[in-house]
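Asks: Give the three-dimensional model of this entry:
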Amino acid sequence: MDDLKVYGRASVHDFLADRMVYRNLVPYDKKLAALPEMEQIIGPPNGTIPRKSEPAYAQFMVQLLKQALQCADSPVSIDRLVLIGDTRLNDSNAFLNICWAGDWPGIAFIGSESKEPQQVEIVSHGHHRKVYFSNRWNLLSDFSEFCLRQGMVIDEHTAVIIDLDKTAIGARGRNDHVIDHARVQAVRETISKLLAEEFDDLSFQTAYSELNRVEFHDFTADNQDYLAYICLIIGSGMYSLVDILSDIRSRSITTFRQFIDRVNGQSKELTNELAEIHREIYANIEEGDPTPFKPFRRCEYLTTIARMGNVDESVGLPELLAHEILITQEVRELALRWQRKGALLFGMSDKPDEASIPTEALASQGYLPIHQTETLAVGT
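Replies: Numbering: from 1, shown residues only. Next up, the predicted model:
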């Protein structure tokens, strides 16, 4: 990473405008329909909001892209798709599902940064759909040429989907740890506030680190709201980490829903404040809300924004990479180039809306959504 440089202040809004959809699938651009209005097109959501690797998400995105195109000055047809993301499984599956749902050819770039020798892997899914895996973000310039060699012309007939977290900002392998640190800080601050003097930071760190492991994803559903709630209950003293791990490994409890149902049956043991937050979370889960721990997510918005554009570049690149969430210059540069060629650019994020968009009270103080917030751009 020795050749990284700072390219000044920018925002994702510079190349995506408000064509952005977060976890709840409510487009930030109010000219576009939200998920409930899409039911006649993609079918009922069955009480849950689809994740980005699911077919229903792809059907929604296809209709959203077509709507966005109709809002353009000179609407034309979408004939091909390009996606830029960072996760090998979720983003590549999302790309393929969207291609199939839209009946489009396409190419995806799945990027990261590593200390291993430069490597590119190209996986074909039929003749007209390819995924380009790279361990260097600066190979986006080569990817652009690769698209042309494959006959993938970038013009007004091309839709380009750009993942937000750990792609457009906080590039995976380069700067993504700062996004993770902001989330963990939000969990800690939320639980600390709720438990007050009963909060034990060492016990929290132990529980969070242990249960955040892949080994326990079946139990936590790899859902940070669920994990935060479990840590809260451990901190309350109702259950110990040892007991929970024993129950998981003995298979006497296998899902988060079983766990929260147990707590619900014993909720009289909780303090009034904890019982109230438990009822709120439980009700949200009953309604199929995938991000039921709202105070945690609203805190995450603040801890994330606090790491965007709040220090001067004079502090030096190592300090910026360690503490600031930065725009990935390679993504920004390519997006602006393709924007000038007439491509339709659209952003997606699996981060909950509550962790991405300010409340009305915060907005009145000048706070902005993550995609509109300026920070420094860093790349090669």
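
Asks: Report the contact partners of Ala335.
Replies: Contacts for Ala335 (Cβ atoms under 8 Å, 6 or more residues apart in numbering) come out as Phe15, Leu16, Ile84, Val160, Ile162, Ala168, Leu345. Backbone N, C-alpha and C define where each C-beta goes, glycine included.

Asks: Which PyMOL command selects the buried ones in these?
Replies: Here is the PyMOL command that selects the buried residues among the contacts of Ala335 (16 or more other Cβ atoms under 10 Å):
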select buried, resi 15+16+84+160+162+168+345
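
Asks: Contacts for the strand or helix carrying Pro318 next, please.
Replies: Using DSSP states H and E, Pro318 sits in helix 317-323. By Cβ under 8 Å, 6+ apart, the residues outside helix 317-323 that reach it are 1, 4-6, 174-175, 178, 307, 311, 313, 326, 376, 378.

Asks: now it, how far from the chain's geometric center?
Replies: 21 Å (Cα atoms, centre = their mean, to the nearest Å).

Asks: what comes up buried for that helix?
Replies: Leu317, Leu320, Leu321.

Asks: and if you look at stretch 252-261?
Replies: Ile253, Phe256, Phe259, Ile260.

Asks: got CSV for the residues you listed, with distance to Tyr239 too?
Replies: Below are those laid out as CSV (distance: Cβ to Cβ, whole Å):
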residue, distance to Tyr239
Ile253, 10
Phe256, 13
Phe259, 8
Ile260, 11
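
Asks: In strands, which of those residues fall?
Replies: Using DSSP state E, no member of the buried residues of stretch 252-261 falls in strands.

Asks: So, low pLDDT: which residues of the stretch 251-380 of the chain?
Replies: When residues are selected by pLDDT under 70, none of them lie in the stretch 251-380 of the chain.

Asks: residue ranges for the strands of it, please.
Replies: 327-328, 344-348, 375-379 (DSSP state E, counting those that start in this stretch).

Asks: so which of the ones you listed gets nearest Leu25?
Replies: strand 344-348 (9.4 Å; Cβ to Cβ).

Asks: In helices only, show me the buried residues of stretch 252-261.
Replies: Phe256, Phe259, Ile260 (DSSP state H).

Asks: out of these, who's nearest Ala72?
Replies: Nearest member of these to Ala72, counting by Cβ to Cβ, is Phe256, at 42.7 Å.

Asks: shouldn't the closest one be in contact with Gln224?
Replies: No - taking contacts as Cβ atoms under 8 Å, Phe256 lies outside contact range of Gln224: 11.7 Å.

Asks: rewinding a little: closest to Gln118 out of the strands of the stretch 251-380 of the chain?
Replies: strand 375-379 (15.7 Å).

Asks: What lies in contact with the closest one?
Replies: Contacts of strand 375-379 (Cβ under 8 Å, 6+ apart): 4-11, 137-138, 169, 171, 174-175, 308-309, 313, 317, 320-321, 324-333.

Asks: Apply the buried test to those residues and list what passes.
Replies: Using 16+ other Cβ under 10 Å, the buried ones in these are 4, 6-7, 10-11, 137-138, 169, 171, 174-175, 308-309, 313, 317, 320-321, 324-333.

Asks: average pLDDT across the lengthiest helix in the chain?
Replies: As assigned by DSSP H, the longest helix anywhere in the chain is helix 176-195. Averaging pLDDT along helix 176-195 gives 97.
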